[in-house]
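Asks: Below are the sequence and a predicted model for it; my questions follow.
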Amino acid sequence: MESKRIKLISLRYSPGILSIIIAYANAFHFLGHNVTLLLDRRYQEIIDENIFEINWFKTGETHEDSSDLLIFFNASIYNHRYAQEGNNNNSKIIYVYHEPWEGLFDFLLKEGCRQAVKLFFAHYFSIKMLNISDLVIVASRYAAAIYDKNDKKYNSNVLIIPLLFCDDYGNKDAASREIDLSYIGHAVKGHGFDIFLKFIKYANSIDNSLSFEIATRTDISTNIYQDNQLKSMVKEGRLRVIHGKSLTNRQINDVYARSHCIWNMYRRTTQSAVLPKAFMFGVPIIVSELPSFTDVVIDNYNGFIIRDCSFEEMFDRIKTARERINVLEKNCRNTFLNKFYWKTNISLLQECLSILFFDKAGL
C-alpha cells in the first residue's frame, strides 16, 4: 500500500487519551505513513516530548485538510464539522469510540446524575460521528456487544482494537515500589472512587503500615480534608494525594512504577486505560467483575477479581500483591506486551487501512 497522509485528532482535552494517540502515531509511522496530530491546545501542558508534527486546534479557526485519513479519538462538539469537511475533501474517517452507549438508566445508576448528563451529551455528538465515519473502532468484546445492541444502527462497520500504548516501562529506570494501592484517574462514582476512600479507611484501621496514593486531576479537597481519618493519613504519610491538575505522562508513569497494586474496581466501563498502563509497569490490578475486565484479568495471575466488593478480600489481595510482586510483575508485563503494545497490533491497523483503501489492482 502506498504511503497515506494520516491525521490523528482530539479536539477536546482528555489527558488519558494522549498516550493512545501517540501509540497510534508510532504505529502508522512504523508502517511508512505520514502522520500529523491535531489537538486541543490544552494538551501542550502535559506533552513531555513528541517527534510528530502537531497542529493546535482553536475554536473558530478553519483548517484546510488534504489528509487521506482522519482518526478522531474522543467526543467533541466540533468533531462532526471537521469530519464533514474531511468527507468533502474525500478523506476517510475513523472514529475511536471510547464508551458505547449503555443506556441512560445504567449511567444514572452507576455514574450519578451529573456524570450521566455529560455522557448523554457526549453520546449525542458521538452519534453524529458514527453516522459520518467509514469505520468505528471499539476496544473490547464487551464494548462491541454493547455497540451491537445500542449503536450499530448508526454504523455497522466496526472493528475491535484494544487500547494501544507505547512501552514506556522500557525507557525508565526501575523505581522502588513503596505504595500498596494507588487510585489513578478521574475521581468519579463510576470508577468507584467513593468505595476506594471507604476501603483505604478500613484497611488503615486494620494495618496502619499500609500506604496509598491518589493521582487525579479532579479537585478532591472536600473528600480528603473534611474527613478526619483521611486527613490524618495524609499528615502521617500513609496517603499521598496529587490532585486538581493534569499530570504529564512521565508523572503518571511514576505513580504506576512505585505501586504494588492499582485500583480498577469500576462500577461501569467498556474499557479502561488504567488497566493496560498498570500491566505496562508490571503492576497487578484489583478489578470488579465487569466483562471488560474479566476478558483480560486472570485472577491471581495478573490481577485480582473481587466478588461482591468485599473489603476483606481486597485487603488480603493487596497483601498478596506485595508478597508476590516479582512473579506478578512478569505476568503483567507479558499481558501488556501480548495484548496492548502497539507493535503487537500492527496487523489490526493494517486491516483498518485495507478496509478503507481496498485496492483490487494491488491484490
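Replies: The structure has been received and is ready for your questions. Nothing here was measured: the structure is a model prediction, and the numbers come from that model.

Asks: list the helices and strands the helix or strand where Leu275 lies packs on?
Replies: In the assignment (DSSP states H and E), Leu275 maps to helix 274-280. Packing partners of helix 274-280 (3 or more C-beta pairs under 8 Å, 6 or more residues apart in numbering; DSSP states H and E): helix 249-257, strand 262-264, strand 285-287, helix 325-339. From N, CA and C alone the C-beta is placed, and that goes for glycine too.

Asks: Serialize these to CSV and add fields for mean pLDDT.
Replies: Output for the helices and strands packed on helix 274-280, formatted as CSV (pLDDT from 0 to 100):
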stretch, mean pLDDT
helix 249-257, 92
strand 262-264, 97
strand 285-287, 97
helix 325-339, 96
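
Asks: Stretch 273-293: end-to-end distance?
Replies: Using C-alpha to C-alpha, to the nearest Å, the end-to-end distance of stretch 273-293 comes out at 11 Å.

Asks: Buried ones in it, by neighbour count?
Replies: By neighbour count on 16 or more other C-beta atoms under 10 Å, the buried set for stretch 273-293 is 273-288, 290, 292-293.

Asks: What is the burial count for Glu49?
Replies: For Glu49, the neighbour count with other C-beta atoms under 10 Å is 8.

Asks: my guess is it is in a helix, correct?
Replies: No. Per DSSP: H, G, I helix; E, B strand; the rest coil, Glu49 lies outside any helix segment and is coil.

Asks: Dihedrals phi and psi, it?
Replies: phi -160, psi 160 (degrees, to the nearest 10).

Asks: what does the longest helix anywhere in the chain contact?
Replies: What stands out as the longest helix in the chain, according to DSSP state H, is helix 113-132. Residues from elsewhere that reach helix 113-132, judged by C-beta atoms under 8 Å, 6 or more residues apart in numbering: 72, 75-77, 79-80, 83-84, 87, 93, 95, 97, 99, 101, 104, 107-108, 111, 136, 151, 154-155, 188-190.

Asks: do stretch 94-105 as well
Replies: By C-beta under 8 Å, 6+ apart, stretch 94-105 touches 17, 20, 69-75, 79, 116, 119-120, 122-123, 126, 129-130, 133-139, 143, 146-147, 150-151, 268-271, 352, 356.

Asks: Just the buried subset of those, written out for PyMOL, thanks.
Replies: Buried subset of the contacts of stretch 94-105, written as a PyMOL selection, criterion 16+ other C-beta under 10 Å:
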select buried, resi 17+20+69+70+71+72+73+74+75+79+116+119+122+123+126+129+130+133+134+135+136+137+138+139+143+146+147+151+268+269+270+271+352+356
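
Asks: For the helix holding Leu275, give the mean pLDDT please.
Replies: For helix 274-280, the mean pLDDT works out to 96.

Asks: Return the distance of that helix from the chain's centre.
Replies: 9 Å (C-alpha atoms, centre = their mean, to the nearest Å).

Asks: Which helix or strand in the chain has the lowest average pLDDT?
Replies: Using mean pLDDT, DSSP states H and E, helix 104-111 stands out as the lowest-scoring helix or strand of the chain, at a mean of 68.

Asks: What is the neighbour count of Asn228?
Replies: Neighbour tally, Asn228, other C-beta under 10 Å: 8.

Asks: That one and Val234, how far apart?
Replies: 11 Å (C-beta to C-beta, to the nearest Å).

Asks: And for Lys92?
Replies: Per C-beta to C-beta, Lys92 is found 50 Å from Val234.

Asks: who has more neighbours, these two?
Replies: Counting neighbours by other C-beta under 10 Å for Lys92 and for Val234 shows that Lys92 has the greater number, 21 against 17.

Asks: Keeping just the C-alphas, turn the longest helix of the chain into PDB.
Replies: Taking C-alpha atoms only, helix 113-132 is exported to PDB below (Å, rounded to 0.1, in the frame of the first residue of the first chain):
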ATOM      1  CA  CYS A 113     -26.800  12.400  37.700                       C
ATOM      2  CA  ARG A 114     -24.000  14.900  36.800                       C
ATOM      3  CA  GLN A 115     -21.800  12.400  35.000                       C
ATOM      4  CA  ALA A 116     -24.800  10.800  33.300                       C
ATOM      5  CA  VAL A 117     -25.800  14.100  31.800                       C
ATOM      6  CA  LYS A 118     -22.200  14.600  30.400                       C
ATOM      7  CA  LEU A 119     -22.300  11.100  28.900                       C
ATOM      8  CA  PHE A 120     -25.700  11.800  27.400                       C
ATOM      9  CA  PHE A 121     -24.400  14.800  25.500                       C
ATOM     10  CA  ALA A 122     -21.200  13.100  24.600                       C
ATOM     11  CA  HIS A 123     -23.300  10.300  23.000                       C
ATOM     12  CA  TYR A 124     -25.400  12.900  21.100                       C
ATOM     13  CA  PHE A 125     -22.300  14.200  19.400                       C
ATOM     14  CA  SER A 126     -20.900  10.600  19.000                       C
ATOM     15  CA  ILE A 127     -24.000   9.700  17.000                       C
ATOM     16  CA  LYS A 128     -23.100  12.400  14.500                       C
ATOM     17  CA  MET A 129     -19.600  10.900  14.200                       C
ATOM     18  CA  LEU A 130     -20.900   7.300  13.900                       C
ATOM     19  CA  ASN A 131     -23.100   8.400  11.000                       C
ATOM     20  CA  ILE A 132     -20.300  10.100   9.100                       C
END
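
Asks: Thanks a lot, see you next time.
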